[in-house]
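A.B. asks: Okay, structure incoming, though there's no sequence with it:
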Ligand code: HQG
């Protein structure tokens, strides 16, 4: 299931065109197109969507009666997720590799290949995100309230990830 979830993430977030998919502006593809392109069956797709630890995928039936699926966040292809700006909590967290701390202190958090910097609502989640790469983890605290006061815009994906364009170093503290 984890393997299939990763393949679906790649197909829906990063490389749909490689397997002949053309997501719409909001990132949706027809479920039957995805099944055909990935050569998987519906039961497996449903199991991944329902059982996903992070609710990475959303399935919905459009006004045309066609079911479509998209990744909830994390894209590198251009998509407009249609998220409305939201007031963040006072503090948000970012878990990352201790090895990149000096670089982050110098230039702040950059979005890299993704659309936004991803921030977690609590320390435990941030620690899990940072641990994905192995090695020592550091959790940075983001002064989200100050950022919002200074005009930075925040979004919250449907699966609870906080998103913003960039986090300048001045708003970050380690620990
Ligand atoms: C780092 C997973 C050096 C940043 C997670 C991170 C998340 C810098 C890496 C989602 C830097 C980018 C995203 C700077 C940022 N210098 N390194 N100035 N600024 N970085 O994977 O936040 O499982 O694109 O700390 O749960 O780790 O895919 O971002 O380590 O929600 O659904 O650059 O991916 O979700 O890595 O993770 P990523 P992320 P999924």
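C.D. replies: Looks like it came in fine. Values in this document were obtained by computation on a predicted structure and should not be read as measured data. Numbers count the residues shown, from 1 in each chain.
A.B. asks: and this structure, which of its residues are near the ligand?
C.D. replies: 9, 54, 56, 74, 96-97, 100, 103-104, 107, 109-110, 112, 114, 118, 129, 161 (Cβ under 6 Å from any ligand atom). Glycine gets a C-beta too; all of them are placed from N, C-alpha and C.
A.B. asks: and the chain, what are its domains?
C.D. replies: Following automatic domain parsing, one gets these domains for the chain: 2-71, 91-174.
A.B. asks: Determine how far the last residue of the first one lies from the first.
C.D. replies: Taking Cα to Cα, to the nearest Å, the first and last residues of domain 2-71 lie 15 Å apart.
A.B. asks: for the record, mean pLDDT for it?
C.D. replies: Average pLDDT, domain 2-71: 95.
A.B. asks: The domains of the chain into CSV, with extra columns for mean neighbour count and distance to residue 83?
C.D. replies: Output for the domains of the chain, formatted as CSV (neighbours: other Cβ atoms under 10 Å; distance: least, Cβ to Cβ, whole Å):
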stretch, mean neighbour count, distance to residue 83
domain 2-71, 15, 10
domain 91-174, 16, 4
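A.B. asks: So in the protein, which helix runs the longest?
C.D. replies: Across the chain, the helix with the greatest residue count (assigned by DSSP state H) is helix 42-51.
A.B. asks: so how far is that helix off the chain centroid?
C.D. replies: 19 Å (Cα atoms, centre = their mean, to the nearest Å).
A.B. asks: helices or strands next to it in the packing?
C.D. replies: helix 2-9, helix 31-38, strand 57-61 (3 or more Cβ pairs under 8 Å, 6 or more residues apart in numbering; DSSP states H and E).
A.B. asks: Can you tell me which of the ones you listed is nearest to residue 139?
C.D. replies: Distance to residue 139, taken as Cβ to Cβ, is lowest for helix 2-9 among those, at 23.6 Å.
A.B. asks: That closest one versus helix 42-51: what angle between them?
C.D. replies: Counting by axes from the mean of the first three to the mean of the last three Cα atoms, to 10 degrees, helix 2-9 lies at 90 degrees to helix 42-51.
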